[in-house]
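1. Sequence and predicted structure are below.
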Amino acid sequence: MHNLTIAQMIRELRRKSFSSVELTEHFLQRIERLDSQYNSFVSITRDQALAQARAADARLAADNAPALCGIPLAHKDIFCTNGVRTSCGSKMLDNFVPPYDATIVENYLRDGVVMLGKTNMDEFAMGSSNETSYYGPVRNPWALNCVPGGSSGGSAASVAARIAPAATASDTGGSIRQPASLCGITGIKPTYGRVSRWGMIAFASSLDQAGLMTRTAEDAALLLNTMASFDGKDSTCVDEPIPDYTANLNQPISGLKIGLPKEYFGEGLNEGTARAVEEAVKTFEKLGATIHSVSLPHSHIAVPAYYVIAPAECSANLSRFDGVRYGYRCENPQNLEDLYKRSRSEGFGEEVKRRIMVGCYALSAGFYDAYYAKAQKARRLIQQDFVDAFKQVDVIMGPTSPSPAFEFGSKGKDPVAMYLEDIYTIATNLAGLPGMSIPCGLVDNKPVGLQIIGNYFAEAKMLNVAHQFQQNTQFHELAPAGIQ
Amino acid sequence: MDRSEIEKLAHLARLEIRPDALDEVASRISNVLALVDQLQALDTAHVEPMAHPLDAVQRLRADAVTEPNCRDAYLAIAPATENGLYLVPKVID
């Protein structure tokens, strides 16, 4: 059952080949039996899942059930789930039980989706390896001594190990696309403002976006139909019509113009990765696409600009964690300042504290113009590069990550070494564009991801392009050797 | 960044850094600042800062109450409360 795609599960549920309860129980048992190898879950919601599955079966029997009714799904532990601990991978929220559901969680509940549990992640979504979680690192199912990527490492690993059919995730600088690439699965980050951020614990508010980890583009399209909504409670949500993302999956892509940014194929790119991506591009040519070289001349300042903007916004967003209203509180605070300082210092991990301080620096008196305002200007230049490129091409492609999954601890003590993992993904967040990663090969038996960047609100086109690739290749069907 | 700058920054962020960790924190933050200093070489004269990827502006709505009173649900998850209030250590000496 765990080798079926969601599209297949939907058909089989309606054919009564199995019930949602049987499907859910199957995945719960896999998680309980296998997840100790990966550590991809922080919380498993067994009783709730089975109750939801029973309700789903009743709706399916009544024959008016939404498409996703009865389908099991894991949620990244960054989405507030009413009555279910939401930790954000941090000691600060280890005891936090939200009194409400995030909008995306509500959307899925309304459509009868079954929640398996909450997946592990880098603390407060800050990381590219899932090594900073309070709950321990997640291990890549393709190579247990390697990282799954981050920050959505748990979501990616659970889908790659086939202990969850799909998982929600979030992407601020690449946190969906990079783990999808390292774990050999499909990941999508929609256009900024496409999906509500209400109830998604904020890291960098102008960059954060919720998205999905699945095994196929078709499954991502099915899930995006429910995930996307205009939400009045999120002021950054855009009121753009939501198409049926599955409607044009089978459109032929002959005549599609693909842009390859020359800046994404230079120094620092692993040779095996480059070859796999080049082969993927040839596949698109065989399908009738034309390939064009484009330039994104400000690519080199994407990482510097991001590491001003993201920490600055995170320092503001994380100032709410003060030991007063929820979350971790230190013992015996002597006064208010002691309460704040010790609760925060004891509750946050090192990377989070580092980014908060960098952010404070960038926003502080005397430095705001030189850092934050400057980075926001750089951001406009980066966006303009994409706007210009999209005048010539329909989609942009390149590698998702500079190399396949790396070993734990191999990035050393310099935080910048880890930051460069996101070198191809970060600009997309700065520009607010939608992006995907789909598997396109293996290097030393570790997956390589192809990144597809679309124009604003062009998720349907990206999914169509990805689906056509998956109809003509088998990379998305590969499973790690150890999978039972 | 030197130790005293890190101490000031930690205070701004309401964080406490152990004295024996100050040097390492200073060194790692300096690495990040070296990365972002690359921005200084960029010519941004006549470029407008971009706060929102789609240059959106704040939507306004009617000034009408739409939220129910959830005080009890919020207080239930707080570390220390009394009479509908959050408790913190004494502020005024």
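-> All right, it came through fine. Numbers count the residues shown, from 1 in each chain, chains lettered A, B, ... in the order given.
2. Who are the contact partners of the most centrally placed residue in chain B?
-> Nearest to the mean C-alpha position of chain B, by CA atoms, centre = their mean, lies residue B:13 at 6.9 Å. Residues near residue B:13 by CB atoms under 8 Å, 6 or more residues apart in numbering or on different chains: A:315, A:344, A:353, A:356, A:357, A:359, A:360. Every C-beta, even on glycine, is put in place using the N, C-alpha and C of the backbone.
3. tell me, which of these make contact with chain B?
-> A:315, A:344, A:353, A:356, A:357, A:359, A:360 (CB under 8 Å from any CB of the partner chain).
4. Please check those residues and keep the buried ones.
-> A:315, A:344, A:353, A:356, A:357, A:359, A:360 (16 or more other CB atoms under 10 Å in any protein chain shown).
5. The first one sits in which helix or strand?
-> Element membership of residue A:315 [criterion: DSSP states H and E] is helix A:302-317.
6. buried sites along the helix or strand following that helix?
-> Under the assignment DSSP H and E, the closest C-terminal helix or strand after helix A:302-317 is helix A:336-347. By neighbour count with 16+ other CB under 10 Å, helix A:336-347 contains the buried residues A:336, A:339, A:340, A:341, A:342, A:343, A:344, A:345, A:347.
7. Can you tell me, leaving aside adjacent residues, what's nearest to the fourth one?
-> In this case it means residue A:341. Nearest residue to residue A:341, sequence neighbours excluded (CB to CB, 6 or more residues apart in numbering or on different chains): residue B:16, at 4.3 Å.
8. Now the one residue in the stretch 251-400 of chain A that gets nearest to chain B: which helix or strand?
-> Closest approach between the stretch 251-400 of chain A and chain B, counting by CB to the nearest CB: residue A:376, at 3.5 Å. Using DSSP H and E, residue A:376 sits within helix A:374-389.
9. Now do that helix and helix A:302-317, the angle between them.
-> Helix A:374-389 and helix A:302-317 are oriented at 130 degrees to each other (axes from the mean of the first three to the mean of the last three CA atoms, to 10 degrees).
10. most residues in a single helix of chain B, which one?
-> Counting by DSSP state H, the longest helix found in chain B is helix B:22-36.
11. Pull out the buried positions in that one.
-> Under 16+ other CB under 10 Å, the buried positions of helix B:22-36 are B:22, B:25, B:26, B:28, B:29, B:31, B:32, B:33, B:35, B:36.
12. Next SSE downstream of it?
-> Going down the chain from helix B:22-36, the next helix or strand is helix B:71-76, by DSSP H and E.
13. export that next one as PDB, just CAs?
-> Only the C-alpha atoms of helix B:71-76 are listed here, as PDB (Å, rounded to 0.1, in the frame of the first residue of the first chain):
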ATOM      1  CA  ARG B  71      -8.800  34.200  26.700                       C
ATOM      2  CA  ASP B  72      -9.400  31.000  28.600                       C
ATOM      3  CA  ALA B  73      -7.900  28.900  25.800                       C
ATOM      4  CA  TYR B  74      -4.800  31.100  25.700                       C
ATOM      5  CA  LEU B  75      -4.400  31.300  29.400                       C
ATOM      6  CA  ALA B  76      -4.600  27.500  29.700                       C
END
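14. In chain B, what residue comes closest to chain A?
-> Counting by CB to the nearest CB, chain B gets nearest chain A through residue B:53, at 2.3 Å.
15. I'd assumed residue A:434 was in contact with that residue.
-> No: using CB atoms under 8 Å as the test, residue B:53 is too far from residue A:434 to be in contact (10.9 Å).
16. burial count for the residue nearest to residue A:191 when sequence neighbours are not counted?
-> Distances taken as CB to CB, 6+ apart put residue A:434 closest to residue A:191, at 4.5 Å, once the chain neighbours are dropped. If you count neighbours by other CB atoms under 10 Å in any protein chain shown, residue A:434 ends up with 26.
17. Tell me the buried residues in stretch A:278-298?
-> Buried, per 16+ other CB under 10 Å, within stretch A:278-298: A:280, A:281, A:283, A:284, A:287, A:289, A:294, A:296, A:298.
18. which ones are touching residue A:85?
-> Taking CB under 8 Å, 6+ apart, we find residue A:85 in contact with A:42, A:43, A:94, A:95, A:96, A:97, A:118.
19. Would you mind measuring from it to residue A:317?
-> In this view, residue A:85 and residue A:317 are 20 Å apart by CB to CB, to the nearest Å.
20. I'd like to know which helix or strand in chain B has the lowest mean pLDDT.
-> helix B:22-36 (a mean of 90; mean pLDDT, DSSP states H and E).
21. doesn't residue A:285 fall inside a helix?
-> Yes: the assignment for residue A:285 by DSSP: H, G, I helix; E, B strand; the rest coil puts it in a helix.
22. Give the closest residue to it in space, chain neighbours not counted.
-> With sequence-adjacent residues excluded and distances taken as CB to CB, 6+ apart, residue A:285 is closest to residue A:291, at 6.1 Å.
23. how about the one you found, what does it touch?
-> Going by CB under 8 Å, 6+ apart, residue A:291 touches A:258, A:260, A:281, A:284, A:285.
24. Which of the helices or strands spans the third one?
-> With the criterion set as DSSP H and E, the secondary-structure element containing residue A:281 is helix A:271-286.
25. Over to the first one?
-> With the criterion set as DSSP H and E, the secondary-structure element containing residue A:258 is strand A:257-261.
26. for that strand, which positions count as buried?
-> Under 16+ other CB under 10 Å, the buried positions of strand A:257-261 are A:258, A:259, A:260, A:261.
27. Redo these as a markdown table? Include pLDDT and distance to chain B.
-> Output for these, formatted as a markdown table (pLDDT from 0 to 100; distance: CB to the nearest CB, whole Å):
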| residue | pLDDT | distance to chain B |
| --- | --- | --- |
| A:258 | 98 | 23 |
| A:259 | 98 | 19 |
| A:260 | 98 | 23 |
| A:261 | 98 | 18 |
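28. tell me the phi and psi of the closest residue to chain B within the stretch 101-250 of chain A?
-> Nearest to chain B, among the residues of the stretch 101-250 of chain A, is residue A:192, at 4.6 Å (CB to the nearest CB). Dihedral angles of residue A:192 (phi, psi; degrees, to the nearest 10) stand at phi -60, psi 130.
29. if I look at it, how far off is residue A:23?
-> Distance, residue A:192 to residue A:23, using CB to CB: 34 Å.
30. before we move on, what about residue B:58?
-> Distance from residue B:58 to residue A:23, by CB to CB: 43 Å.
31. Moving C-terminal from the helix or strand bottoming out on mean pLDDT in chain A, which element do we reach first?
-> Ranking every helix and strand in chain A by mean pLDDT, DSSP H and E puts helix A:415-419 at the bottom, with a mean of 83. Sequence-wise, the next helix or strand downstream of helix A:415-419 (DSSP H and E) is helix A:426-431.
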